[in-house]
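Asker: structure of the sequence below:
(3 chains)
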Amino acid sequence: MTEEMIIAGFGGQGVLSMGKILAYSGIMEDKEVTWFPSYGPEMRGGTANVTVIVSDTRISSPVLQEYDTAIILNQQSMDKFEKAVKPGGVLLYDPNGIVHPPTRTDINVFKVEATKASVEMGNPKVFNMIVFGSYLKVRPILSPDNVEKGLAKSLPERYHKLIPLNLEAMQKGREIVEEVHVV
Amino acid sequence: MELKEVTKTEGTMDIQDILKPENLVYQKTKLLTDTPMHYCPGCSHGVVHKILAELIDEMGIQERSIGVAPVGCAVFAYNYIDIDWQEAAHGRAPAVATGISRVNPDAFVFTYQGDGDLASIGAAEIMHACNRGENILVVFINNGIYGMTGGQMAPTTLEGMVTATTPYGRNTDLNGYPMRITNLIAQLPGTSYVTRQAVHTAGGVRKCKRALKKAIQNVLDKKGTSFVEVVSTCNSGWKMSPVASNKWMEENMIPYYPLGDMKDSVKGEHSEN
Amino acid sequence: MGEIKLMKGNEVLAEAAIRCGCDGYFGYPITPQSEVMETLMVREPWKETGMVVLQAESEVASINMVYGAAATGKKVMTSSSSPGISLMAEGISYLAGAELPCLLVNVQRGGPGLGTIQPSQADYFQAVKGGGHGDYKLIVLAPSSVQEMNDFVDLGFELAFKYRNPAMILADGAIGQMMEKVELADYKPRWTKEELVEKNGDWATTGKPASRKKNVITSLEMASNDMEVRNINLQAKYRKMEEEDVRYEAIQCDDAEFILVAFGTAARVCQKAVEVAREKGLKVGLLRPITLFPFPKKVIKELARKTAGFLSVEMSAGQMVEDIKLAVYDAGSNARVDHFGRMGGIIPTPTEVVEALEDKFSWELSYGVKRSY
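Answerer: Below is the predicted model:
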């Protein structure tokens, strides 16, 4: 199993930390993992993206042209990465702020209204965990146990009291993810 | 040649009688090596080397001492004093000493630098080492000139002073002003003891030794950076006899670089002057 | 099995330094490697192992702090990125000239000048051909994963002390910023004063006891004859490195008609490119030099006798390609050597690499592979 994915959105949406939790969860399942962020000025308020690769075998290139999965959280990233999903791959997006929804028909498209749900939950900070939950529903590549362990590993101990809230957000994501188009 | 037994005459002394410890009035400084010094006759370096060698011996710190030699006339200082030495790149001795001292906190670490090395190319390193209060001694030989490379202008060269690169005298419009870097150093809270000395008279040598002893003791007591400037002659560079150099230094250098302590405090305190 | 963590390459450098018994780190902040010192400052190793960490006023100062501390026989290091390494060039030459063991890290960014903070490999020449003045060599290790960032800290120190020579980890911004699974090494205690004197007491300035002559660390010899002897000895040492400490990884080279040669991040890209090319039916292998100096000349010479061509893939305008050409020339082979690179902070993609291979070796691919002899 090799999952090559990109998570792309605005800085501050928790793109990098979602990738980190995924990578840590992969380690908990004895996988090889690589987390490669865009870094530099674009991190400061602009777009942010991170390539995450989870694999049973040694990981080669951290830089990819096409992905098994793209999680897209703003329009700029949609413009850039919709075309980079491998045929038959997965595109998961939050429609909030998306003016031009994906049009490709050779890929599986899912949407999750995570921005809306996080506001309803009264905590916009859990936005990324809602998205993460919906991703794991669509691509169940890791066992929920290991994801919970990965979450604990990637959070400093002083934030461990927030684990239940994060798990709740992930559950929410699992529930509200919608199928838009399936190949 | 046949050796004849010399019979001793009543009431006279032979060499064995003279060589008794109680008759000793002077001996070569133990920690000075037998390597002949390359310094010019009349140069202040030899005197300052001797004082340092004496103090390291008297204070019993040979095993703890690590010297950092500069680029400049004192580049071969490591040939003359019998302790472990490092040769630094031009101006970098304070950074080198920082490295030594930080990983060897019980060592007695000192730099020995000239005015080109310390006040020009190494201005950043000396300021920051002193500002951090590195537990080191800095010996600063200020003769107002680059001696080793053939007598070019240094930051400390006096106004109007002729050097190889100021053949018509230092022009402040072109070259700026003679730098009293020790006064700047004294402003830095990392320093504990900052003084300016000279060794052109016997009294000066004694005072300088007292100052260096205090400076070394400060380092041993981990009080921060001690900085001892020695206003010096460079008779070759100044193109004068040693005697004339001493006179010229008294009349010209010392009025601009007056002798005396500038700071005697503890690390963390600002200078009072 | 050691502790498993998810860490950035830069963070791992710091952690590995603490764990391998490093005595001191001296550095100056510069992107994309500032996390090295930041991690150390958070970890406060002086409380744990006694390791010293100091932020210097400049790279000029930090390399000279390394010089001073290394000359006392301690395990010390610095890290920086390209423009900072340029500033250190003077000190690195002095370290090599005075034969001081230490570890230097260059997490490269794109140049020349202020350039970009994005990853690059354009400091290959600077690292392996000198960079500072005089005939000297560094031992240069090129990690291509976060795990190797960890492993090469200890290895770098080991080689540095084996040869009394500075060793450099030549990484790039991608390896520094990337997080991967890493197995951390177990803690090694720092050398005690007695161990240090036993290992390095014959040369290091540890403070002169009555029992030995004074130790002097210098790169200066006024007599040309003596200076030539020093140089001859240095060269002999570099030849010994070439004999004993070449490291490389060969992937699918046995039946390869074309060999990609790449190190660091570019080698990771090329590993994927080999997969892509093989799917297309092209017999492509990858040679990954791990030591850039000593360079794996011998294996290139051997491969040159059975391979049609080498493509040096670098994040630069083509630097390592010159060393490949020298090795192929030495082999008397007519294998063709070409280069493909991206510059300015751009990492080539695997597809680009395969396309470049097809383009540059189109003659061989169209008319059949011309076997060399």
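Asker: what about the longest helix in chain B?
Answerer: Longest helix in chain B by number of residues (criterion: DSSP state H): helix B:202-220.
Asker: ok, is that helix in contact with chain C or not?
Answerer: No: with C-beta under 8 Å from any C-beta of the partner chain as the criterion, chain C is not reached by helix B:202-220; the gap is at least 13.2 Å. Where you see a C-beta, it was placed from the backbone N, CA and C, and this is true even at glycine.
Asker: doesn't C:H339 make contact with C:V321?
Answerer: Yes: if you go by C-beta atoms under 8 Å, C:V321 and C:H339 touch, sitting 4.1 Å apart.
Asker: now do the shared contacts for those two.
Answerer: Where contact means C-beta atoms under 8 Å, 6 or more residues apart in numbering or on different chains, the residues bridging C:V321 and C:H339 through contact with each are C:S312, C:E314.
Asker: any idea how far the spatially closest residue to C:D338 that is not a sequence neighbour is from chain A?
Answerer: Spatial nearest neighbour of C:D338, chain neighbours left out: C:K360 (4.5 Å); criterion: C-beta to C-beta, 6 or more residues apart in numbering or on different chains. C:K360 is 20 Å from chain A, where distance means C-beta to the nearest C-beta, to the nearest Å.
Asker: chain A contacts on the stretch 51-200 of chain C?
Answerer: Where proximity means C-beta under 8 Å from any C-beta, the interface of the stretch 51-200 of chain C facing chain A comprises C:I117, C:Q118, C:G173, C:A174, C:Q177, C:M178, C:M179, C:E180, C:K181.
Asker: same thing but at 10 Å, please
Answerer: The interface of the stretch 51-200 of chain C toward chain A, taken as C-beta under 10 Å from any C-beta of the partner chain, is made up of C:109, C:116-119, C:144-147, C:173-182.
Asker: can you narrow those down to the ones near chain B?
Answerer: Near chain B, by the rule C-beta under 10 Å from any C-beta, you find none of those.
Asker: confidence score at the residue nearest to C:D338?
Answerer: According to the prediction, C:K360 has pLDDT 95.
Asker: enumerate the residues of chain A near chain B.
Answerer: Residues of chain A found near chain B (C-beta under 10 Å from any C-beta): none.
Asker: let me see the contact set for the residue in the stretch 1-150 of chain B that chain A sits nearest to.
Answerer: Residue nearest to chain A within the stretch 1-150 of chain B: B:A124 (28.5 Å; C-beta to the nearest C-beta). Contacts were defined as C-beta atoms under 10 Å, 6 or more residues apart in numbering or on different chains; by that measure B:A124 touches B:G91, B:R92, B:P94, B:A95, C:E57, C:S58, C:V60, C:A61.
Asker: neighbouring contacts of the host helix or strand of A:D79?
Answerer: In the assignment (DSSP states H and E), A:D79 maps to helix A:75-81. If you take C-beta under 10 Å, 6+ apart as the criterion, helix A:75-81 is touched by A:6-10, A:15, A:46-49, A:66-67, A:70-72, A:74, A:91, A:93, A:97-102.
Asker: among the residues you listed, which ones are buried?
Answerer: Applying a neighbour-count criterion of 16 or more other C-beta atoms under 10 Å in any protein chain shown, the buried members of the contacts of helix A:75-81 are A:6-10, A:15, A:47-49, A:66-67, A:70-72, A:74, A:91, A:93, A:98, A:102.
Asker: ok, which of those residues also contact chain C?
Answerer: Counting by C-beta under 10 Å from any C-beta, the subset of the buried ones among the contacts of helix A:75-81 that neighbours chain C consists of A:E66.
Asker: return the subset of the buried ones among the contacts of helix A:75-81 lying in helices.
Answerer: Filtering these for membership in helices, criterion DSSP H, returns A:V15.
Asker: tell me how far C:V153 lies from C:L103.
Answerer: Noted for C:V153: a distance of 7 Å to C:L103, by C-beta to C-beta, to the nearest Å.
Asker: brain fart, A:Q75
Answerer: Using C-beta to C-beta, which is the criterion applied here, A:Q75 is 46 Å from C:L103.
Asker: what of C:Q252?
Answerer: Noted for C:Q252: a distance of 32 Å to C:L103, by C-beta to C-beta.
Asker: same question, C:D123
Answerer: Counting by C-beta to C-beta, the gap from C:D123 to C:L103 is 16 Å.
Asker: kindly report the same for A:P62.
Answerer: For A:P62, the distance to C:L103 - C-beta to C-beta - is 25 Å.
Asker: more neighbours: which of the two?
Answerer: Just comparing A:P62 and C:L103: by other C-beta atoms under 10 Å in any protein chain shown the higher neighbour count belongs to C:L103, 30 against 24.
Asker: ramachandran angles for the more buried one?
Answerer: For C:L103, the backbone dihedrals (degrees, to the nearest 10) come out as phi -120, psi 130.
Asker: go on, the one 5 residues further on?
Answerer: Taking degrees, to the nearest 10, you get phi -70, psi 140 for the backbone angles of C:Q108.
Asker: what's around the nearest residue to it once chain neighbours are set aside, how many residues?
Answerer: Closest residue in space to C:Q108, ignoring its immediate chain neighbours: C:D172 at 4.4 Å, by C-beta to C-beta, 6+ apart. Other residues within reach of C:D172, judged by other C-beta under 10 Å, total 34.
Asker: C:D172 touches C:I347, doesn't it?
Answerer: Yes: because the distance of 8.7 Å satisfies C-beta atoms under 10 Å, C:D172 is recorded as touching C:I347.
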